[in-house]
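*Asks:* Give me a model of this one.
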Amino acid sequence: MTHTLNAADVAPYPRELEQATVTALIRHLLLSAEEISRKARESIPPPGESLLDSVMLSGLFVNTWSTMFLLRVIRAELPGQADDVARQLWDLWEDGGTMHELIWDYKQQEGIDPAARIEFDAEPVSDGGQT
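*Replies:* Numbering: from 1, shown residues only. Below you'll find the predicted structure:
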């Protein structure tokens with residue numbers, strides 16, 4: 001039998017830096033990914049209608065799940081550094097502005113012109129990795 005629990009009780013989002021352990025972020029992201037996945041499946045429109053909302057939720061699911069997965073790998077492979085990495089990530093999320101500034105720096109480091117405007121298709125389509 002299924003029962004209902006409140007996510008804030010099971011895996012609350014850390015409110016202070018000291019609470020932002022790797023395990024706390026993993027637990028919160030795990031439950032968030034599950035909820036986003038459910039919403040993405042529920043948002044699939046009837047044939048002929050725009051898939052944009054569903055695609056955006058699916059992208060959010062993949063990104064949330066991937067962050068959780070990578071934190072689990074960091075916890076397993078670098079246990080002595082995992083909480084520090086999690087706290088750095090949480091601090092960037094909470095700051096908000098630094099992530100936007102770092103995009104410029106990271107684009108330069110990856111050999112992408114940071115001043116260039118990069119455009120994507122309005123409705124990205126995945127071929128399931130077939131290309």
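*Asks:* Poorly predicted segments of this protein, please.
*Replies:* 122-131 (pLDDT under 70).
*Asks:* What are the boundaries of the helices in it?
*Replies:* Assigned by DSSP state H, the helices in the chain fall at 7-10, 22-42, 52-77, 82-95, 97-109.
*Asks:* Taking helix 22-42 as reference, get the angle to the longest one.
*Replies:* The one in question is helix 52-77. Relative orientation of helix 52-77 versus helix 22-42 (axes from the mean of the first three to the mean of the last three C-alpha atoms, to 10 degrees): 160 degrees.
*Asks:* from the middle of its chain, how far away would helix 52-77 be?
*Replies:* Taking C-alpha atoms, centre = their mean, to the nearest Å, the mean C-alpha location of helix 52-77 is offset from the chain mean by 4 Å.
*Asks:* Counting by contacts, list what that helix packs against.
*Replies:* On a contact count with 3 or more C-beta pairs under 8 Å, 6 or more residues apart in numbering; DSSP states H and E, helix 52-77 meets helix 22-42, helix 82-95. From N, CA and C alone the C-beta is placed, and that goes for glycine too.
*Asks:* that older thread, with respect to residue 120, which of the helices of the chain lies nearest?
*Replies:* helix 52-77 (10.7 Å; C-beta to C-beta).
*Asks:* burial measure for residue 29, as a count.
*Replies:* 23 (other C-beta atoms under 10 Å).
*Asks:* any idea how far it is from residue 108?
*Replies:* 28 Å (C-beta to C-beta, to the nearest Å).
*Asks:* Please identify the deepest-packed of the helices and strands packed on helix 52-77.
*Replies:* Greatest average neighbour count among those goes to helix 22-42 (a mean of 18), per mean count of other C-beta atoms under 10 Å.
*Asks:* got the CA positions of that one in PDB?
*Replies:* Once non-C-alpha atoms are left out, helix 22-42 reads as follows in PDB (Å, rounded to 0.1, in the frame of the first residue of the first chain):
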ATOM      1  CA  VAL A  22      26.100  16.100   0.100                       C
ATOM      2  CA  THR A  23      23.600  13.700   1.500                       C
ATOM      3  CA  ALA A  24      21.100  16.500   2.100                       C
ATOM      4  CA  LEU A  25      21.400  17.700  -1.400                       C
ATOM      5  CA  ILE A  26      21.200  14.200  -2.900                       C
ATOM      6  CA  ARG A  27      18.000  13.400  -0.900                       C
ATOM      7  CA  HIS A  28      16.300  16.700  -1.900                       C
ATOM      8  CA  LEU A  29      17.300  16.400  -5.500                       C
ATOM      9  CA  LEU A  30      16.200  12.800  -5.600                       C
ATOM     10  CA  LEU A  31      12.700  13.600  -4.500                       C
ATOM     11  CA  SER A  32      12.600  16.700  -6.700                       C
ATOM     12  CA  ALA A  33      13.600  14.700  -9.800                       C
ATOM     13  CA  GLU A  34      10.900  12.100  -9.000                       C
ATOM     14  CA  GLU A  35       8.200  14.900  -8.700                       C
ATOM     15  CA  ILE A  36       9.500  16.700 -11.900                       C
ATOM     16  CA  SER A  37       9.400  13.300 -13.800                       C
ATOM     17  CA  ARG A  38       5.800  12.800 -12.700                       C
ATOM     18  CA  LYS A  39       4.800  16.300 -13.800                       C
ATOM     19  CA  ALA A  40       6.600  15.900 -17.100                       C
ATOM     20  CA  ARG A  41       4.700  12.700 -17.900                       C
ATOM     21  CA  GLU A  42       1.400  14.400 -16.900                       C
END
